[in-house]
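A.B. asks: Here's a sequence, model it:
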Amino acid sequence: MRLAARAWPLLLAVGLVLPVLSGCQRDMSDLHEYIAKINARPGGDIEPIPTIDPHEPYLYPGHERSPFDSSVIERPLPPPPTGVPGEVDIDFDRPREPLESFPLDSLRMVGSLEQEGVRYALVRTPDRTIQTVRPGNHMGQNFGRVVEITTREILLIEVVPDAFGGYVERENTISLSE
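C.D. replies: So this is what the prediction gives:
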């Protein structure tokens, strides 16, 4: 009995929608008449393609080389890197230090201090925090190891890829920002 009570609204909705849908007819005779009328029109004349005068090249005096000659803009190859390819080993398992997440050119040396015989450098990061580094710490994204700290600069040894699939060491410095 309960099921029949729930079915009444559904039957009522079907009863109202069915007559509306049956009113839709598929009479497309007016569409076929329109298409026949368009196809019966006479075709128009198409203008002929205009004639184009041939281009007469102008030769500039004193300019004999082709502007498309790439040998003019080719750069010489850089000198081969020093050292044997792949001579540097990188310890990828070493825990990364906080300053290794920043590019080296975004780090600024803002000062130095000495404590118990060890010189530290004060480095400002792009997020405006100050970090201390000492010889042996790492910084920069190229496995840069701090070698020496003076009052004016930080000397680093970076490990960069060479052209032969290995790595070579390269010196770099961060000078005191004023």
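A.B. asks: F102 and P126 touch, don't they?
C.D. replies: Yes - using C-beta atoms under 8 Å, F102 is in contact with P126, at 6.1 Å. The way it works is simple: take the backbone N, C-alpha and C, and place the C-beta from them, glycine included.
A.B. asks: Just want to know which of these two has more residues nearby.
C.D. replies: For the pair F102 and P126, the greater number of neighbours falls to F102 (17 against 10), based on other C-beta atoms under 10 Å.
A.B. asks: residue contacts, the nearest residue to that one once chain neighbours are set aside?
C.D. replies: What sits nearest to F102 in space, not counting adjacent residues and going by C-beta to C-beta, 6 or more residues apart in numbering, is T125, at 5.7 Å. Contacts for T125 were tallied using C-beta atoms under 8 Å, 6 or more residues apart in numbering; they are 99, 102, 106-107, 131.
A.B. asks: if you set the cut-off to 7 Å instead, what comes out?
C.D. replies: By C-beta atoms under 7 Å, 6 or more residues apart in numbering, the contact list for T125 reads 102, 107, 131.
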